[in-house]
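Undergrad: Sequence unavailable; structure follows:
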């Protein structure tokens, strides 16, 4: 067998020379989210500083390391010293930091977010370790091990950090051995349903047929979730290696990555990585002299959420409308072109190499006995620290929200899990450990891993309306319960948020939701009502306030509140007046301002800029009373 | 039909590496849209001929997927993200603002052909919410005001 030892040895030397070659190294996180925050502009500024200072330095683009709220992130490693990280690096800040580091040798410890070296460096410089930050310390990085650490475009970096070691071991184990290792690990499908991965692989392996396929589901359609995008952009080889191992285990010779067209950078990095694999004989005929043939191609989705469902995805691959079909037969028996097809989520494939490399027993040390291992989540919404996180399953929501997420500025009301088909768990349930089963028992789902923190400014009825609107738009229309159910739910919720709700509406919602859950054809329709059911269950009083009092306490539903400025809180700073597009706010310098509801268009511009929470929503028509109260107090 | 299909038009598909099997319908639509900006009548006919299927079959598939447009797009593409994280941070207000400022609805193009507007489910930059994408560039942490300024910079008159 050819083996990769020689190639890997050379790759290590080249990568080591690149990041430890006696000149300073500057790292930029340039995944999509870093770019959105301006990483490319900051990187350009860094290049300019280097030429002004006349310093030679290596610039390395890395992927997403997780704390998106710190984007753009820049790290500086002076020769012989570890990487030191800086957050929210605007071009101006990049110039300042680089000038201090490179010209004066001053690492600006107070501005640093941490370093990647040992304890002695902490003592020398007073800079803490990057991974000791509150957001990162409770995390375990298995899938994200290389994300933000390596240059995702540099094959040397991936090889040096252990890419394809798992595949090489898999070659020695053979199909049965690989599946046994996955069984030992206890990995469950990370697309959200939690079906044991080894079983899916075994079913596909045992299915009869010469031609079999591997499909990687990277159609990450959940709004609010970006785990797969980050992984594909930051460590594409991690996912491709998993597919390669899958092909070997089930006896497939062709793999397809089905990814969203909205992820152009992920597609670009995948293409680049596939080219590197081909050049290294990791794709094609007789891979590494083992007799195993495999190839991978990319297919871009065309914007249909339902294509995340496996049978719909396969229909789309075949050039048809992406409508699901009843199962069985499962894709393991009859999938792409009617052949046995192993279809797994991106993260599932991304976990496989570590299991093969380190062993199933090693993987099982994380998580709980029934939910082993780690899972990535995108933690967003009103949390202070937002970003991509990886935690052992079984960790409580409270730890995720309060420790990793750093809580929210205002009290947390609810956490939405599982994307648009998941549910809202109230703050009182934060002590729930995160597992497939606990999420299901609480009328939510694990889903692919979106976690959205909501505070008291979030209206639960509006959120339910938003999610149902999404499901209604994305329902393929194939089965009646989903097509009509989403319509009934949306129309009813829309009426409630407009102030036209009626007493019997809640029962209508419940009946339609249960019908959908019981009789829809695919996962979309079965779960689409979860946001309604869970919010009705946990926040029923909020629905009732909307219907009977025509009032939206969080001041979201535009027809159901009006704004006032609380005299005692207003400092007369004038910020609100300056941003009001309707000239509805008046008041002199340092005097309490007044809002004219006749002119107010409820655009919320003033609420967003007020630093004193002085502008609040009150029930329509109650303004006189509230003003009087304010003056009396 | 009034659409002239010459051999050379289909040759383009062959030159781009397409083989003519039905699997390729969506990639062909994507390729055509990338080249022409939208799926024109002529584009659809061409694909139908190439794959030896009916035009109705081409439209049946194309209309299922939100990516495909059937009208000529504007010079500048504005896409407002309505993902969950952006919704919580006011994404729908940004869409309203864009609609007012450009005076068009989503999936429309301004009469002068300078801007088109789309609402998208999620651009995957949730931690930077609310985001708007203009001509492929992502604008993070947007407000009504910042959006108006950005549109001005792209030559809104």
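TA: Received it, and whenever you're ready, just let me know what you need. Remember, predicted model here, so these are calculated numbers, not experimental data.

Undergrad: On the three-state scheme, residue B:119 is what?
TA: strand (DSSP: H, G, I helix; E, B strand; the rest coil).

Undergrad: for the closest residue to it other than its chain neighbours, helix, strand, or coil?
TA: Excluding its sequence neighbours, the residue lying closest to residue B:119 (CB to CB, 6 or more residues apart in numbering or on different chains) is residue B:106, at 4.5 Å. Every residue, glycine included, has its C-beta placed from N, CA and C. Judged by three-state DSSP, the three-state class of residue B:106 is coil.

Undergrad: what sits against residue B:106?
TA: B:80, B:95, B:99, B:117-119 (CB atoms under 8 Å, 6 or more residues apart in numbering or on different chains).

Undergrad: quick one: it and chain A, what's the gap?
TA: From residue B:106 over to chain A the distance is 12 Å, taken as CB to the nearest CB, to the nearest Å.

Undergrad: any chance you could map the strands in chain B?
TA: B:76-81, B:108-109, B:115-120, B:132-134, B:137-139 (DSSP state E).

Undergrad: just checking, what packs against whichever strand or helix holds residue A:45?
TA: In the assignment (DSSP states H and E), residue A:45 maps to helix A:39-53. Here helix A:39-53 touches strand A:25-29, strand A:58-62, helix A:91-98, going by 3 or more CB pairs under 8 Å, 6 or more residues apart in numbering or on different chains; DSSP states H and E.

Undergrad: Next, the angle from that helix to helix A:91-98.
TA: 50 degrees (axes from the mean of the first three to the mean of the last three CA atoms, to 10 degrees).

Undergrad: Tell me what angle helix A:39-53 forms with strand A:58-62.
TA: Using the same axes, to 10 degrees: helix A:39-53 against strand A:58-62 is 170 degrees.

Undergrad: residues making contact with helix A:39-53?
TA: So helix A:39-53 is contacted by A:26, A:28-30, A:56-57, A:59, A:61, A:71-74, A:89-95, A:98-99, A:102-103 (CB under 8 Å, 6+ apart).

Undergrad: Filter these down to the buried ones.
TA: A:26, A:28-30, A:57, A:61, A:71-74, A:89, A:91, A:93-95, A:98, A:102 (16 or more other CB atoms under 10 Å in any protein chain shown).

Undergrad: which stretch of helix or strand covers residue A:363?
TA: Going by DSSP H and E, residue A:363 is in helix A:360-364.

Undergrad: Now do that helix: everything it contacts.
TA: Outside helix A:360-364, the residues touching it (CB under 8 Å, 6+ apart) are A:142, A:180-187, A:351, A:354-355, A:372-373.

Undergrad: Now, of the residues you listed, which are buried?
TA: The buried subset of those (16+ other CB under 10 Å) comprises A:142, A:181-187, A:351, A:354-355, A:372-373.

Undergrad: Excluding chain neighbours, what is closest to residue A:247?
TA: Looking at residue A:247 with CB to CB, 6+ apart, the closest residue is residue A:294, at 4.4 Å.

Undergrad: Run a quick neighbour tally on residue 87.
TA: Reading this off chain A. Neighbour count of residue A:87, defined by other CB atoms under 10 Å in any protein chain shown: 17.

Undergrad: think we crossed wires, I meant chain B
TA: 26.

Undergrad: before we move on, what about the one 5 residues further on?
TA: Under the neighbour criterion other CB under 10 Å, residue B:92 is assigned a count of 16.

Undergrad: State the pLDDT value of it.
TA: Note on residue B:92: pLDDT of 87.

Undergrad: I figured it was touching residue B:83, is that so?
TA: No - using CB atoms under 8 Å, residue B:92 is not in contact with residue B:83; the gap is 11.1 Å.

Undergrad: Output the below-cut-off pLDDT ranges for chain B.
TA: Across chain B, the ranges flagged by pLDDT under 70 are B:1-9, B:157.

Undergrad: what about the helices in it?
TA: B:7-15, B:25-36, B:41-51, B:55-62, B:84-88, B:91-102, B:144-153 (DSSP state H).

Undergrad: Highest mean neighbour count out of the ones you listed?
TA: Sort the helices of chain B by mean neighbour count, taking mean count of other CB atoms under 10 Å in any protein chain shown, and helix B:84-88 sits at the top with a mean of 28.

Undergrad: Need the contact partners of that one.
TA: Contacts of helix B:84-88 (CB under 8 Å, 6+ apart): A:222-224, A:380-382, A:416, A:419-420, A:450, A:452, A:454, A:458, A:466-467, B:94, B:122, B:126-127, B:129-131.

Undergrad: quick one on the thing from earlier: out of the strands of chain B, deepest packed?
TA: Taking mean count of other CB under 10 Å, strand B:76-81 is the most buried of the strands of chain B, at a mean of 24.

Undergrad: Okay, now the sheet partners of that one, with direction.
TA: strand B:115-120 (parallel), strand B:132-134 (antiparallel) (DSSP bridges).

Undergrad: what angle do it and helix B:91-102 make?
TA: Using the same axes, to 10 degrees: strand B:76-81 against helix B:91-102 is 160 degrees.

Undergrad: relative to helix B:144-153, how tilted is strand B:76-81?
TA: Using the same axes, to 10 degrees: strand B:76-81 against helix B:144-153 is 160 degrees.

Undergrad: what about the longest strand along chain A, average pLDDT?
TA: Ranked by residue count under DSSP E, the longest strand found in chain A is strand A:374-381. Strand A:374-381 carries an average pLDDT of 93.

Undergrad: what helices or strands is that strand leaning on?
TA: If you count contacts as 3+ CB pairs under 8 Å, 6+ apart, strand A:374-381 packs onto helix A:227-234, helix A:346-358, strand A:387-392, strand A:450-455, helix B:84-88.

Undergrad: try it again with 6 Å
TA: strand A:387-392, strand A:450-455 (3 or more CB pairs under 6 Å, 6 or more residues apart in numbering or on different chains; DSSP states H and E).

Undergrad: any idea how far the nearest residue to residue A:155 once chain neighbours are set aside lies from residue A:236?
TA: Once flanking residues are discounted, residue A:155 sits nearest to residue A:276: 4.1 Å by CB to CB, 6+ apart. Relative to residue A:236, residue A:276 is positioned 9 Å away (criterion: CB to CB, to the nearest Å).

Undergrad: Name the helix or strand of chain A that has the lowest mean pLDDT.
TA: Every helix and strand of chain A was ranked by mean pLDDT, DSSP states H and E. The lowest is helix A:623-632, at a mean of 55.

Undergrad: Give me the neighbour count for residue 121.
TA: The chain I'm using is chain A. By other CB under 10 Å, neighbour count at residue A:121 equals 17.

Undergrad: That was the other one, I meant chain B.
TA: Other residues close to residue B:121 by other CB under 10 Å number 24.
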